[in-house]
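Participant: missing the sequence, but the structure's below:
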């Protein structure tokens, strides 16, 4: 009876282990990526509209997700993993045009970001001009300047999560 308890306890202890955090490159062969630091460069806003806050807001959101969801140290220079890019598009378009009217019930704010990443120890791994986009709809009767900050936070969250998933999800 004691041997049975020991065997069951051994099985339980070997089955329960702490999750391992690793960086993997995609493809048919999975490779471990050895990185201790991440560098997120400033994302310039190259779109026709959008205030100067847009680049700073997006950059900080991406840095925040790297710190919150990885054990990597955020550095200003010479990161093992380096991420950079630009905000390419930031535009508003009408959606849900109402019948018998030329006005829209909702508007759509869309943002697109071009991202490059570089892995210092293997330059064949990374994102090269990958484009990430997201949109959010809002009531057309809302004053855009009043809701813009909240909408941008939503877009930043969607896009930075997509970038994180692509970089650390092994889809390179």
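Facilitator: Perfect, I can see it now. Worth saying up front: this structure is predicted, and the values here are computed from it rather than measured.

Participant: and the top helix by length along the chain, what does it pack against?
Facilitator: When every helix of the chain is counted residue by residue (DSSP state H), the longest turns out to be helix 144-168. Packing partners of helix 144-168 (3 or more Cβ pairs under 8 Å, 6 or more residues apart in numbering; DSSP states H and E): strand 23-25, helix 53-69, strand 81-97, strand 104-119, strand 130-139. For every residue, glycine as well, the C-beta is placed using N, CA and C.

Participant: select, out of the ones you listed, the one closest to residue 168.
Facilitator: Closest to residue 168 of the helices and strands packed on helix 144-168 is strand 23-25 (Cβ to Cβ; 5.9 Å).

Participant: buried set for stretch 135-145?
Facilitator: 135-136, 138, 140 (16 or more other Cβ atoms under 10 Å).

Participant: do the same with stretch 111-122
Facilitator: Neighbour-count burial for stretch 111-122 flags 111-115, 117-119 (criterion: 16+ other Cβ under 10 Å).

Participant: related to what we said a few turns ago, looking at the helices and strands packed on helix 144-168, which has the lowest confidence?
Facilitator: Looking at the helices and strands packed on helix 144-168, the lowest mean pLDDT belongs to strand 23-25 (a mean of 45).

Participant: how about the helices and strands packed on helix 144-168 in CSV, adding distance to residue 155?
Facilitator: Putting these into CSV (distance: least, Cβ to Cβ, whole Å) gives the following:
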stretch, distance to residue 155
strand 23-25, 26
helix 53-69, 8
strand 81-97, 9
strand 104-119, 5
strand 130-139, 5
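
Participant: wait, which of these is closest to residue 148?
Facilitator: strand 104-119 (7.8 Å).

Participant: what angle do the closest one and strand 130-139 make?
Facilitator: Calculated by axes from the mean of the first three to the mean of the last three Cα atoms, to 10 degrees, strand 104-119 forms an angle of 160 degrees with strand 130-139.

Participant: strand partners (parallel or antiparallel) of strand 104-119?
Facilitator: Here strand 104-119 is paired, per DSSP bridges, with strand 81-97 (antiparallel), strand 130-139 (antiparallel).
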